[in-house]
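Visitor: Following is a predicted model, sequence given first.
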Amino acid sequence: QVQLVESGGGLVQAGDSLRLSCAASARTASDYAMAWFRQAPGKEREFVAAITWSGDNTEYADSVKGRFTISRDNFKNTLYLQMNSLGPEDTALYSCAARPAGIWTISVRAGAFVFWGQGTQVTVSS
């Protein structure tokens, strides 16, 4: 069982930056592929970014490519999402997710993930 707790969300202006964190409780969190998803009001949950357990490989949604960076610190059991050049279209509840995986596994489908956090709200004003 892995417990995930997100933090770092808030209310910012367009053009600002935020860094989200996701703290994992598992002692072996480094054996998990992880990802960030987001869900805006009235919309379906969408993939944002994913990373292998080693941190060597990443994937991004086209809408955030070049602005967001996913990373992880396995010693601290923490996943990060650095978000730059935020716009109102980035307003959503951001959740991290984890799944047991091999070293090269990277997943972008929500259905592939077993463990989810409660989310942290990001609101970007224009």
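Guide: Perfect, thanks for sending it.

Visitor: How much space separates the spatially most central residue of the chain from residue 126?
Guide: The chain has residue 36 as the residue nearest its centroid, 2.3 Å off, counting by CA atoms, centre = their mean. Residue 36 is 23 Å from residue 126, where distance means CB to CB, to the nearest Å. Every residue, glycine included, has its C-beta placed from N, CA and C.

Visitor: thinking again about what came up before, which SS state does the residue nearest to the centre of the chain fall under?
Guide: Following DSSP: H, G, I helix; E, B strand; the rest coil, we place residue 36 in the strand state.

Visitor: How about the contacts made by it?
Guide: Listed by CB atoms under 8 Å, 6 or more residues apart in numbering, the contact partners of residue 36 are 20, 22, 48-50, 70, 79, 81, 94-97.

Visitor: Next one: it from residue 19, what distance?
Guide: From residue 36 over to residue 19 (counting by CB to CB), the distance is 12 Å.

Visitor: Identify the contacts common to the two.
Guide: With contacts defined as CB under 8 Å, 6+ apart, the residues shared by residue 36 and residue 19 are residue 81.

Visitor: where does the closest residue to residue 82 other than its chain neighbours fall, helix, sheet strand or coil?
Guide: Closest residue in space to residue 82, ignoring its immediate chain neighbours: residue 69 at 4.4 Å, by CB to CB, 6 or more residues apart in numbering. At residue 69, secondary structure determined by three-state DSSP is strand.

Visitor: Can you get me a residue count around residue 116?
Guide: If you count neighbours by other CB atoms under 10 Å, residue 116 ends up with 16.
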